[in-house]
Every structure is written in structure tokens, then in C-alpha cells.
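S.K.: Predicted model and sequence below, questions to follow.
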Amino acid sequence: MVGNEVLLRKEMAASDLAALISSIKAQVTVPVTYAEVWEFWLSNRELSDAVDFVTIHILPYWENIPIRADLAAAHADEIRKQVAAAFPGKEIFIGEVGWPSEGRMRESALPSRTNQARVVAEVLDLARREHFRVNLFEAYDEGWKREIEGTIGGSWGLFDSEQRTLKYPPGRPVSNFPAWKLQMCSGMALAILVFGVAWLTLRRKPRQAEFGSWLAVGISATTGGILLGVAAQRMVYESYGTGGWLVWGSLLVAAMASPVFGANALMSGRAPPSFAELLGPKGYHTESMLVTMHGLTLMVTAVIGTATALGLIFDPRFIDFPFAPLTMAAVPFAAMTLLNPPAKGSRPLAEPMFAGIYLAAAIYTALNEGTENWQALWTCAAFILLAVTLWRARA
């Protein structure tokens, strides 16, 4: 194997690469090839004479038009036949083909354990039936790639990088949520806690709770309960290094706290906290520890969410979609804004700026990612809820 994706990275001209391959071929007695993404073979056909067989890389997830998992094997076979027609008499060896088990969607291409298992099984079955050689990408997750390529870069292995365990052992059901029982129980506990806080709030400060308030509490509790396990699992896979764990761990804590504090606010008729209540001068600053904690929850959500929103605008290729924790945090705040609107006052500067970024990110991301990317659309919906909440803030 002389060279790997050299043309893709534009490290060498095709003519120089062909000369290098030929010079090495003259010095060895084994077959010689070069590995490259399939499109570059078709656009540099002069390499054919230099190699004994053609090695192509086919990664359906990374195609310019991403391929769904259920179509990935057929796509790989179609590309193999197309390259074979362009290089008659040469064996076409698929040097890389696979599917990621974790990470962000690209249009309709969804990384998941079940999709990875499906693609690998169907490609191997096709290779047996069509009698061609294939090399799976890859054996082990390459965790170090997550620093430069995000979650998706380190999630292509059949084995986990930490425990070296097979992701889906033969004969066992494949699940995207192997710890679903723990996730379900944790979500139920959070939902019960939210309802408990609402009930205790009414006991301590008796008032006539309207149906809308209870409905909002129910929606917040249900949303948080359903998404807690998803958010926690994604935090585990998407956090890299101390900074990553700090950021996504903080967002998860804020997401769990939001429905709890929101239940108290909805039942007591309190409006969403403003940044001025935490950071403003004397006369604006709150003395309530409860409001302070609630405000910190909003600030953590706003800051981390805004960083993600800006990433999705300027460098979206490897950015994950935090749809689960953002939704958990945004729904209670949006419900408070609707049912307990802020009192009349001056419009602050910070909140509308954040709201503008969220709205711009929602519009751009929806257009850039396409209508088939439900992770992106869901994240955009959470952005809009946060934008509405922050826009209506008053000092």
C-alpha cells in the first residue's frame, strides 16, 4: 500500500504519485496498490497503470450527498461497479467502508449502533455474494480523533476504544440505548421530582393554580423525563477532555434543574429571571437564592447554547446537535414566559443579543442541514424557544 488519500489532501500531484508507486513496485515482489476515495480514482485514471489492483474508500455517511444507512450497502456496490467499469481488468478492493455508531446527523444519514450493525452486516453479505474483497473501517474507535473531528470522528469502530468490547456481540439484540432501564428510571425520578416541587410550592404558598400552570408543569416534567436518558448518554459520548466534560456536564445539570425551578416558578406566578437580577447593579440584583439559582440555570443554558449556535453557523461539519438538553431547559422557560410574562420595564441589552443569535442560527441551520436532518430541526426548535424567552425579558 503506497499512499493513503494523498490526492484528497492535495499533498502530491497524480503524476508524481504514479512515478513513486512505479518505483516501489519495481523493488518488491508483492502486489502494489494505492488507497484513495473513489471519486479521485475516477478523476485520476492515469494511476491505473502504476498499480496491480485499485483500492477505493467508500464512506456513505461522508458522501457529498449523504446516503441513508438502509441504502449504504447498495451504494457501495454501485460505486464498486462504476469504478470497475472505469478500470477494466483491475481488481477493485474496497479498502474502507463502514458507518459511525455515534455523532451528528448529516441530512438523512444517522449515526447509531443499530445503523452501524446494519451497514456492516449488509456490506459483508454483499461481498460474499458478489465475491469481492472488503476491509471494514474500522476495528477500534479512535478516541483521539474526537478532538479534531468531533464525536463522529472517534465512533467508527466495531470495538469500543476504552473497554475494547464489541459493540454488538453476535446473537444479542442491538440497541441504541443499552442502558435503557437505568435511563427510564432516572427520567421517571426527575418527572416525579418536578411534580413534587409543584405540589410543595402550592402547599407553602397557597394560591389558585390554573389549569395552564399544571399543564405546563406536566409538559416540562414529561419532556425532562423522556429526554434525560438521551441527554446523559449523548454527554458521555460527546464529551472530550476536561473542558468538554465541564461544558456538557454543566448543560446537563442546567437541563435537569430547569424543569424543577420552572415548576416552582409556574406555581408561584414568578416570571423568568433576567440576567440583570444576577449581574445588575444595586436595585436590580435579587436577594432570593431561589431566583439566583434559577437565573444561573438560564445563563448556563444561554451561554453554552449560544456557543453551539455560533459553531453551527461558522464551522458546522463536526458540531453535535444538543437537542435533548436544550429542549429540557428551554421548554420550562418558554412556558414561564407564556404564562407568567415579565412585568413592563425597559428591554435589557444582553438577552435580545442572545435571542438574535439563536434566531439567526435556527434559520441558517435549518437551511444548511436540510429537512431530512431531524436532529438539526429539533435543535432549531429549541433555539427558537430560547430566543422567544430571552427576547421578552425585561429589566
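M.R.: Looks like it arrived, so ask away. Residues are numbered from 1 along each chain as shown.
S.K.: Leaving out the residues flanking it, which one is nearest to residue 213?
M.R.: residue 266 (4.8 Å; CB to CB, 6 or more residues apart in numbering). (C-beta placed from N, C-alpha, C; glycine too.)
S.K.: Kindly report the same for residue 100.
M.R.: Nearest one to residue 100, counting by CB to CB, 6+ apart, is residue 111 at 3.9 Å.
S.K.: what's the distance between the one helix or strand residue 237 maps to and the middle of its chain?
M.R.: Under the criterion of DSSP states H and E, residue 237 resides in helix 211-238. In terms of CA atoms, centre = their mean, to the nearest Å, the centre of helix 211-238 is set 18 Å apart from its chain centre.
S.K.: For the chain, name the helix or strand with the lowest mean pLDDT.
M.R.: helix 275-279 (a mean of 85; mean pLDDT, DSSP states H and E).
S.K.: Let me know whether residue 350 touches residue 278 as I believe.
M.R.: No: judged on CB atoms under 8 Å, residue 350 makes no contact with residue 278 at a distance of 10.6 Å.
S.K.: Kindly report the domain assignment for the protein.
M.R.: Domain assignment for the chain, taken from automatic domain parsing, gives 53-153, 180-391.
S.K.: CSV for the ones you listed, including distance to residue 45?
M.R.: CSV is the format used below for the domains of the chain (distance: least, CB to CB, whole Å):
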stretch, distance to residue 45
domain 53-153, 6
domain 180-391, 29
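S.K.: I'd like the ones you listed as a markdown table, with mean neighbour count and distance to residue 169 appended.
M.R.: Output for these, formatted as a markdown table (neighbours: other CB atoms under 10 Å; distance: least, CB to CB, whole Å):
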| stretch | mean neighbour count | distance to residue 169 |
| --- | --- | --- |
| domain 53-153 | 18 | 11 |
| domain 180-391 | 19 | 17 |
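S.K.: Settle this for me: the residue nearest to residue 100 is touching residue 98, isn't it.
M.R.: No: Residue 111 lies out of contact with residue 98 (CB under 8 Å); the separation is 10.8 Å.
S.K.: mind checking how far whichever strand in the chain runs longest is from the chain centre?
M.R.: In the chain, taking DSSP state E as the definition, the longest strand is strand 92-97. In this view, strand 92-97 has its centroid 27 Å away from the chain centroid, taken as CA atoms, centre = their mean.
S.K.: What lies in contact with it?
M.R.: In this structure, residues lying in contact with strand 92-97 by CB atoms under 8 Å, 6 or more residues apart in numbering are 33, 35, 53-60, 76, 80, 83-84, 123, 127, 132-138.
S.K.: Restricted to helices, list those residues.
M.R.: Residues of those located in helices (DSSP state H): 76, 80, 83-84, 123, 127.
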